[in-house]
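the sequence and its predicted three-dimensional model are supplied below.
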Amino acid sequence: MSSPLADEPVEPPEEGAEPLSESARAEYLDALGDAWEVVDGHHLEATYEFDDFAAALAFTNEIGELAEAEWHHPDIHLSWGEVGVEMWSHDIDGLAKSDFVMAARMDRIYADE
Ligand SMILES: C[C@H](O)[C@H](O)[C@H]1CNC2=NC(N)=NC(=O)C2=N1
């Protein structure tokens, strides 16, 4: 069951927008899967587990295609059986709703593996 956030559009923050407040971050985090946490109030982090390197690489490629399609890019750490993801908005050096939408989209891709 993926988060309804995955159905929202990925929209860049308004010009000059501030990062989300703690309460807004908590509200969106609540709507995400358990894989994610907010680190230092600055970015989202998750680690996805796989049977081997090939499966981790395939997932990495899928979320890379999502990032290119939405023009909103995570940091991705690929290792044997594991993909670490960090997600934040570079333009505001913090979290925006679009980061939580991307996280929900990545959860949906993982759930469909
Ligand atoms: C230069 C490029 O347009 C910018 O980096 C775009 C593309 N990808 C992005 N990805 C993320 N995570 N945040 C951004 O602000 C962002 N902006």
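Yes, it's here. Predicted, not measured: the structure shown is a model, and the values here were computed from it.

ok, Asp51 - how many residues close by?
Using other Cβ atoms under 10 Å, Asp51 is surrounded by 10 other residues. Every C-beta, even on glycine, is put in place using the N, C-alpha and C of the backbone.

what does the one 4 residues further on give?
Burial of Ala55 is recorded as 15 neighbouring residues (other Cβ under 10 Å).

so it makes contact with Glu113?
Yes. Using Cβ atoms under 8 Å, Ala55 is in contact with Glu113, at 7.3 Å.

buried residues in the helix or strand hosting Met106?
For Met106, the element it lies in under DSSP states H and E is helix 97-111. Under the neighbour-count criterion of 16 or more other Cβ atoms under 10 Å, helix 97-111 has 97-110 buried.

compute the inter-axis angle for the longest helix anywhere in the chain and helix 97-111.
Secondary structure of the chain per DSSP state H: the longest helix is helix 53-70. Here helix 53-70 points in a direction 140 degrees away from that of helix 97-111 (axes from the mean of the first three to the mean of the last three Cα atoms, to 10 degrees).

count the neighbours of Ala46 for me.
Under the neighbour criterion other Cβ under 10 Å, Ala46 is assigned a count of 20.

Glu62 and the ligand, how far apart?
According to Cβ to the nearest ligand atom, to the nearest Å, Glu62 stands 17 Å off from the ligand.

look up how far Leu32 lies from that residue.
Applying Cβ to Cβ, to the nearest Å, the value for Glu62 to Leu32 is 18 Å.

give me the distance between Val10 and Ser79.
Counting by Cβ to Cβ, the gap between Val10 and Ser79 amounts to 26 Å.

Tyr28 against Leu20, yeah?
Yes. Contact criterion Cβ under 8 Å: Tyr28 and Leu20 qualify, at 7.3 Å.
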